[in-house]
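>>> Based on what follows, work out the 3D shape:
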Amino acid sequence: MDDVIRLNVGGTSFCTTRSTLLRDPACLFAKILETEDDVASIVHLDDGSIFIDRDGAMFVHILQYMRSGKLILPENFKDLSRLMDEAHFFNMKILQEEIGATLSPRASLKVSAMANGNLLGMAETGGYITLGYRGTFAFGRDGQADVKFRKLHRILVCGKVALCREVFSDTLNESRDPGDRDGSERYTSRLYLKHQCLERACDAMAEKGFKLVATCCSGANGLAAPNAPTSQQGPPSQTDLMTLRNSGDYEEQRWAHYTEYVFYREPRMPGDSPRAHSPANPNRTQND
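Numbers count the residues shown, from 1 in each chain. All right, here's what the predicted structure looks like:
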């Protein structure tokens, strides 16, 4: 009968057999069970169990693979990078290859680097940033301006704080959401830009490799009620209504709308050019 082996991985207890752990003769367990060499992060406890200072949640999948010889993951599993790191620690080359086969070609480059032990310099800088603004047209004081220019009140920025800082740098106003309570992983919807030029903001997004993936907008409110004082109490008179309709403020209320643009950038590997992810027109042709 195979010996029963008790493991404590990061505080989570497991019980399996020696033959299961030795299924891959090149993995770390062969060194732990077959030799007396000291292994970093491994401690033999007094109760006979083996403590391994690794991720217990990820080891569930590692042990399942050693039992069945198949990589079986839950639907929408999103921790492949963590699982790859654990497979690299346990020196399970075949498992690393199977994990790599489930990733996209770009992520596979990262997997290859992890399998070779090159974990430094890899940049996980992908993510979403949403730009929102409330806009209208500038009609002037009397509503009779010759040219109705676009009027933006403020460009709002939502997303991971570190990513927003990378894109907008010193043009980002953080006065409404100061501090770093959760470090670089903090998300917020309380940032805005110090300028009101939408094209400048979009240029900054494109230069950093972001693509526009979604947008939404509210329509102009042509039935907006006048929101200005009248000459008397009660319902406004016909004269008041005509005066308000001819005012710039009333026209700006009617044309007011809110728009959001959602941008996304894939995680970039070291050496990737940000412009490699810039939007491109596949149908564009170049004339001689």
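>>> can you tell me the average pLDDT over the helix or strand hosting M66?
Here M66 sits within helix 56-68, counting by DSSP states H and E. Here helix 56-68 scores 92 as its mean pLDDT.
>>> What is that helix packed up against?
Helix 56-68 sits against strand 4-9, strand 12-17, helix 18-21, helix 80-89, with contacts defined as 3 or more Cβ pairs under 8 Å, 6 or more residues apart in numbering; DSSP states H and E. In this view, the C-beta of every residue, glycine as well, is placed from N, C-alpha and C.
>>> So which elements touch the last one?
Helices and strands in packing contact with helix 80-89 are listed as helix 56-68, helix 93-101, helix 105-115; criterion 3+ Cβ pairs under 8 Å, 6+ apart.
>>> Please apply the same query to the first one.
Contact partners of strand 4-9 among helices and strands, from 3+ Cβ pairs under 8 Å, 6+ apart: strand 12-17, helix 18-21, strand 50-52, helix 56-68.
>>> cool, the shortest one as well?
Helix 18-21 is packed against strand 4-9, helix 28-34, helix 56-68, with contacts defined by 3+ Cβ pairs under 8 Å, 6+ apart.
>>> Please name every helix or strand in contact with the second one.
The reference is to helix 28-34. helix 18-21.
>>> contact partners of the helix it packs on?
With contacts defined as Cβ atoms under 8 Å, 6 or more residues apart in numbering, helix 18-21 is touched by D2, D3, V4, I5, C27, F29, L33, L63, M66, R67.
>>> in which helix or strand would I find the nearest residue to R176 once chain neighbours are set aside?
Once flanking residues are discounted, R176 sits nearest to R190: 4.5 Å by Cβ to Cβ, 6 or more residues apart in numbering. Assigned by DSSP H and E, R190 belongs to strand 187-193.
>>> what comes up buried for the next helix or strand after that strand?
The C-terminal neighbour of strand 187-193 among helices and strands, as given by DSSP H and E, is helix 198-207. Buried residues in helix 198-207, counted by 16 or more other Cβ atoms under 10 Å: L198, A201, A204, M205, A206.
>>> you'd agree the fourth one is up against T130?
So the one you mean is M205. No: with contacts counted by Cβ atoms under 8 Å, M205 stays clear of T130, the gap being 10.7 Å.
>>> Report the set of residues contacting both of the two.
Shared contacts of M205 and T130, defined by Cβ under 8 Å, 6+ apart, comprise F263.
>>> Let me know the pLDDT of the closest residue to T102 other than its chain neighbours.
Leaving aside its sequence neighbours, T102 sits nearest to L80 (Cβ to Cβ, 6+ apart; 6.6 Å). pLDDT, L80: 85.
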